[in-house]
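Peer 1: fold the following.
(2 chains)
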There are 2 protein chains.
Amino acid sequence: MSGLLFVIGLGPGPAHWLTPEASAALEQIEDILGYGPYVARVPRRQGLRFHASDNGVELGRASAALALAAQGRCVGVVSGGDPGVFAMAAAVVEAIELGPPEWRALDVRVLPGVSAMQAAAARLGAPLGGDFCAISLSDNLKPWSLIERRLIAACDGDFVMAIYNPASKARPQQIYDAFAVLRARRDGETPVAFARAVGRPYEAMCLTTLEKADPGFADMSTLVIVGASTTRYVARPKVLPYMLTPRSYR
Amino acid sequence: MSGLLFVIGLGPGPAHWLTPEASAALEQIEDILGYGPYVARVPRRQGLRFHASDNGVELGRASAALALAAQGRCVGVVSGGDPGVFAMAAAVVEAIELGPPEWRALDVRVLPGVSAMQAAAARLGAPLGGDFCAISLSDNLKPWSLIERRLIAACDGDFVMAIYNPASKARPQQIYDAFAVLRARRDGETPVAFARAVGRPYEAMCLTTLEKADPGFADMSTLVIVGASTTRYVARPKVLPYMLTPRSYR
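Peer 2: Next comes the predicted model:
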């Protein structure tokens, strides 16, 4: 089989965060598959077939991409951000595990990208400067009890938290439940940032504290950062403060 | 003050992982500061002054960069990987917090990059497909008791772990101590990967299990990934297996 499958990270949105490796792959592929809004970011061109699909059908999309590659096509599966972080890389490898044995011999290349937490952190200063964890609040793929256990463990370990998929129209409640877990365990003055659509035209930032935060600010395109005990704001004139988690404990 | 300070992520090494935003900043700056091996990656050119410094002097380097920017220079501080992940962004914001008030008005822009854990994950398939945490083992900046507490919490939460700074010549022991903590709490069959210098000429991968792992494989340029309870290997013909942490629990 001479097919080739790229699992491509598009980054958070703007072209200046797309790696040259990902750009080159987008020039080379013959088929592109992905969640509609991500596929829509890639310019149409002669010789590139578009296959947009809905959110929540990752395993089926991965299998379709692998089947095309097994036919000898040069295929790209795209994710926003980094495909390795709550995105398509895991779906592709899982589809390989479940699929026909010949898929294991396919040439599959995962191309990393800037993930939402990194774009948000860059805008905010250095909120992820110390040890941190990344948690998806979506209970479509795992039970809420496990998410709750992880939030508690993250508090026990005094990790900064980068919270992905905090809410969607179908799941408005999780972020409220998560904040209830956190408020019972972390100081009310802990800095909390809601970073919506960083790098895109409707980018919005809300810097607040755990006590004052309105979980309702979070939507599908929001990344929430909850500080550790050492996280603090550093005031600046006229603009939002920096959010800092220092590396050192002094 | 018209000075400008870019905090630039160079990515893990190869040019194809350097973002266009970072490339453009490297063309624009008049002074470059950073740890010697990172500064050495940037081509010399007319009008660019090089200021390489040792590892472990991040706060001093950040202050020097801010002082140059306050003089009106266009300055770049470079980090390998992402400056927001165990790198210079936190040092710069901390130096601003500690420095003269006028530094708070400087134009400081953090430019994100691909971090080592993302490059390693891309090579391995999808080891970070679920919730994960990033922990630095260096006790230069924080007490070992806190690192141990975080390793234990990460086990309690069944997080995948991306372990940065696992060992150096001055700190050969921490990775052994960390593995002792993990082995007491996680199944011996848990997949463990040592990813050394991913993307660079001396890249090396060691895929093993928690029980069989030799912590001595880790050095300063190694990123260690320790799986969660759901992490597994997916065998492939002739090449290393994929390392997979599925997003779904079924």
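
Peer 1: C-alpha only now, for contacts and for neighbours.
Peer 2: OK.

Peer 1: ok so residue A:176 is a helix residue?
Peer 2: Yes. Assessed by DSSP: H, G, I helix; E, B strand; the rest coil, residue A:176 belongs to a helix.

Peer 1: show me what contacts residue A:20?
Peer 2: Each residue near residue A:20 by C-alpha atoms under 8 Å, 6 or more residues apart in numbering or on different chains is listed here: B:15-20.

Peer 1: one more pass at 10 Å, please.
Peer 2: Shown in contact with residue A:20 (C-alpha atoms under 10 Å, 6 or more residues apart in numbering or on different chains): A:26, B:15-20.

Peer 1: from those residues, list just the buried residues.
Peer 2: Listed as buried from the contacts of residue A:20 are A:26, B:16-20; burial here means 16 or more other C-alpha atoms under 10 Å in any protein chain shown.

Peer 1: looking at those, which are in helices?
Peer 2: Counted as lying in helices by DSSP state H, out of these, are A:26, B:20.

Peer 1: nearest to residue A:84 among the buried ones among the contacts of residue A:20?
Peer 2: residue B:17 (14.8 Å; C-alpha to C-alpha).

Peer 1: residues in contact with the closest one?
Peer 2: Contact partners of residue B:17, counting by C-alpha under 10 Å, 6+ apart, are A:18-22, A:111-114, B:10-11, B:81, B:113-115, B:119, B:199.

Peer 1: ok, the closest residue to residue A:164 other than its chain neighbours - contacts?
Peer 2: Among residues not flanking residue A:164 along the chain, residue A:136 sits closest, at 4.5 Å (C-alpha to C-alpha, 6 or more residues apart in numbering or on different chains). Contacts were defined as C-alpha under 10 Å, 6+ apart; by that measure residue A:136 touches A:85-86, A:142, A:147, A:162-167, A:223, B:130-132, B:247.

Peer 1: now with 6 Å, please.
Peer 2: A:163-165 (C-alpha atoms under 6 Å, 6 or more residues apart in numbering or on different chains).

Peer 1: which SSE is the residue of chain A found nearest chain B in?
Peer 2: As assessed by C-alpha to the nearest C-alpha, chain B sits closest to residue A:133 within chain A, at 3.8 Å. Per DSSP states H and E: residue A:133 is located in strand A:132-136.

Peer 1: relative to strand A:132-136, how tilted is whatever helix or strand comes next after that strand?
Peer 2: Stepping forward along the backbone from strand A:132-136, the first helix or strand reached (DSSP H and E) is helix A:144-156. Relative orientation of helix A:144-156 versus strand A:132-136 (axes from the mean of the first three to the mean of the last three C-alpha atoms, to 10 degrees): 160 degrees.

Peer 1: other residues contacting helix A:144-156?
Peer 2: B:153, B:157.

Peer 1: other SSEs contacting the lowest-mean-pLDDT helix or strand in chain A?
Peer 2: Here the helix or strand of chain A ranked lowest by mean pLDDT, DSSP states H and E is strand A:49-53, holding a mean of 91. Applying 3 or more C-alpha pairs under 6 Å, 6 or more residues apart in numbering or on different chains; DSSP states H and E, we find strand A:49-53 packed against strand A:31-35.

Peer 1: can you pull the residues of chain A lying near chain B?
Peer 2: Counting by C-alpha under 6 Å from any C-alpha of the partner chain, chain A comes close to chain B at A:16-17, A:19-21, A:84-86, A:89-90, A:104, A:110, A:112, A:114, A:122, A:126, A:129, A:131-135, A:141-142, A:149-150, A:153, A:157, A:236, A:246, A:248-249.

Peer 1: are any of these buried, and if so which?
Peer 2: A:16-17, A:19-21, A:84-86, A:89-90, A:104, A:110, A:112, A:114, A:122, A:126, A:129, A:131-135, A:142, A:150, A:153, A:157, A:236, A:246, A:248.

Peer 1: where along chain A do the helices fall?
Peer 2: If DSSP H is used as the criterion, the helices of chain A fall at A:20-28, A:36-39, A:58-70, A:88-98, A:116-124, A:144-156, A:174-183.
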